[in-house]
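Engineer: The sequence isn't on hand, but the structure is:
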């Protein structure tokens, strides 16, 4: 299975998100201050469906 966490983080960076802090377990919180959006990114995203859900929550039109 492909792992999507690096790809998700790259897309978030390209759209103005920055790392905010570590959450519980292996989760990280990313924010886009200008739009007041917070998303949680798991450290091990193995499903493209989960990666696409994170993009949807971030308001980014990107599909894996």
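Structural biologist: The structure has been received and is ready for your questions. In this text, all values refer to a predicted model and were calculated from it rather than measured experimentally.
Engineer: could you list every residue that touches residue 40?
Structural biologist: Applying CB atoms under 8 Å, 6 or more residues apart in numbering, we find residue 40 in contact with 23, 27, 28, 29, 30, 54. (Each C-beta comes from the backbone N, C-alpha and C, glycine too.)
Engineer: likewise residue 7?
Structural biologist: 51, 64.
Engineer: three-state assignment of it?
Structural biologist: helix (DSSP: H, G, I helix; E, B strand; the rest coil).
Engineer: rewinding a little: out of the contacts of residue 40, which end up buried?
Structural biologist: Among the contacts of residue 40, the ones that count as buried by 16 or more other CB atoms under 10 Å are 28, 30, 54.
Engineer: Surely the last one is within a strand?
Structural biologist: What that stands for is residue 54. No. Looking at residue 54 with three-state DSSP, it is helix, so not inside a strand.
Engineer: Could you dump the buried ones among the contacts of residue 40 into TSV and include distance to residue 47 and pLDDT?
Structural biologist: Output for the buried ones among the contacts of residue 40, formatted as TSV (distance: CB to CB, whole Å; pLDDT from 0 to 100):
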residue	distance to residue 47	pLDDT
28	17	96
30	18	97
54	11	97
